[in-house]
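S.K.: need a 3D model of the sequence below.
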Amino acid sequence: MIKGIGVDIVEISRIEQAINRRSKFTERLFTDLERDYCLSKQKPHLHFAARFAAKEAAVKALGSGMRGMKWTDFEVRRDKWGRPYLRLSGNAANAAQERGVCDIFLSLSFSREAAIASAIAVGME
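M.R.: Got it, this is the predicted structure:
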């Protein structure tokens, strides 16, 4: 059963500027695994932007806002086929459990100017 849907779009230039201006920007928003993945790419800012959009979309799909959560409570990973999926921890995992959400499906994409993500929160009931 669908519990919530979220979509977010991010201007890639804003993420790139934030990365260049603020030394702790990526540490505050992304886990070690996410940073390692993005920094392994030729244009890391594209992948950081897509992951940030995914986190925003997931928050919207949960319908909880960021109350007590950290951005690192939402970790975008990739399965063996390269498909993105979300690993929740901390207060994000608690919020999902309270709302009966057992999984959040993701779709990510980007162009030169923007990154977009959609998230669908699903539960058993």
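S.K.: just the C-alphas of the lengthiest helix in the chain, formatted as PDB.
M.R.: If each helix of the chain is counted by residues according to DSSP state H, the longest one is helix 44-62. As requested, the backbone C-alpha atoms of helix 44-62 are provided in PDB (Å, rounded to 0.1, in the frame of the first residue of the first chain):
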ATOM      1  CA  PRO A  44      30.700  14.600  -8.200                       C
ATOM      2  CA  HIS A  45      28.300  17.600  -7.900                       C
ATOM      3  CA  LEU A  46      25.800  15.900 -10.200                       C
ATOM      4  CA  HIS A  47      25.600  12.800  -8.000                       C
ATOM      5  CA  PHE A  48      25.600  14.900  -4.800                       C
ATOM      6  CA  ALA A  49      22.600  16.900  -6.200                       C
ATOM      7  CA  ALA A  50      20.700  13.700  -7.100                       C
ATOM      8  CA  ARG A  51      21.200  12.300  -3.700                       C
ATOM      9  CA  PHE A  52      20.100  15.500  -2.000                       C
ATOM     10  CA  ALA A  53      17.000  15.500  -4.100                       C
ATOM     11  CA  ALA A  54      16.400  11.900  -3.100                       C
ATOM     12  CA  LYS A  55      16.600  12.800   0.600                       C
ATOM     13  CA  GLU A  56      14.200  15.700   0.200                       C
ATOM     14  CA  ALA A  57      11.800  13.500  -1.800                       C
ATOM     15  CA  ALA A  58      12.000  10.800   0.900                       C
ATOM     16  CA  VAL A  59      11.200  13.400   3.700                       C
ATOM     17  CA  LYS A  60       8.100  14.400   1.700                       C
ATOM     18  CA  ALA A  61       7.000  10.800   1.100                       C
ATOM     19  CA  LEU A  62       7.300  10.100   4.900                       C
END
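S.K.: who's in contact with the next helix-or-strand element following it?
M.R.: Using DSSP states H and E, the helix or strand that follows helix 44-62 in sequence is strand 74-78. The list of residues contacting strand 74-78 from outside it, by CB atoms under 8 Å, 6 or more residues apart in numbering, reads 31, 33-34, 37, 50-51, 54-55, 58-59, 84-89, 92, 106, 108. Glycine gets a C-beta too; all of them are placed from N, C-alpha and C.
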